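> The amino acid sequence is not available; the structure is as follows:
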């Protein structure tokens, strides 16, 4: 489903309520994602680096848990939205080492397959997803999200 400029502006406004620095897409990244109908399926490749101890802010969830455990609380909600929308968890990998190139801080790589961008956007709009974002923000030290298209089907 194509998004109008008004719908894109509203979505960006909604996401701004949960601004978490470099852990969320920028307005221009959302606009670029929605600029054309990418079709599907698409695989979103998530590079994750965790805090040793989750960095909760003003929350009852501030018990001493690892960043990875906090992120997993968020991940359970996110994956439920993905699967309800017809997507799937394609891969969940621990990074063992960098063999070629500069060492990065990434500890896990998660690949989620979406049937289309709409499923991703619907997840971002969900109140239960919004409620889980504080776990993601508390757990992640850094992240990178790349949208890819599978070439081999």
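Sure thing, it's come through. This structure is a prediction, so every number in the text was calculated from the model and none was measured.
> Doesn't residue 32 lie inside a helix?
Yes: following the definition DSSP: H, G, I helix; E, B strand; the rest coil, residue 32 is counted among the residues of a helix.
> count of neighbours near it?
For residue 32, the tally of surrounding residues (other Cβ atoms under 10 Å) stands at 12. Quick note: C-beta positions are derived from backbone N, CA and C, even for glycine.
> ok, now which ones touch residue 93?
Contacts were defined as Cβ atoms under 8 Å, 6 or more residues apart in numbering; by that measure residue 93 touches 108-110.
> Apply 7 Å and report the result again.
Listed by Cβ atoms under 7 Å, 6 or more residues apart in numbering, the contact set of residue 93 reads 108-109.
> so how far is the helix or strand where it lies from its chain's centroid?
Take DSSP states H and E as the rule and residue 93 turns out to sit in strand 88-94. On the basis of Cα atoms, centre = their mean, to the nearest Å, the separation between the geometric centre of strand 88-94 and that of its chain is 13 Å.
> Make 36 the starting number, not 1.
Got it, first residue is 36 now, which makes that one strand 123-129.
> any idea of the mean pLDDT for it?
For strand 123-129, mean pLDDT rounds to 96.
> Report all helices and strands that the worst-scoring helix or strand of the chain on mean pLDDT contacts.
Of all regular secondary-structure elements in the chain, judged by mean pLDDT, DSSP states H and E, the least confident is helix 40-51 with a mean of 78. On a contact count with 3 or more Cβ pairs under 7 Å, 6 or more residues apart in numbering; DSSP states H and E, helix 40-51 meets helix 62-69, helix 152-160.
> in the protein, which spans are strands?
In the chain, the strands defined using DSSP state E lie at 77-85, 123-129, 143-149, 175-183.
> nearest to residue 156, of the ones you listed?
When those are compared for distance to residue 156 using Cβ to Cβ, the nearest one is strand 143-149, at 9.6 Å.
> on that earlier part again, mean pLDDT lowest where, among the helices and strands packed on helix 40-51?
Least confident of the helices and strands packed on helix 40-51, judged by mean pLDDT, is helix 62-69 with a mean of 84.
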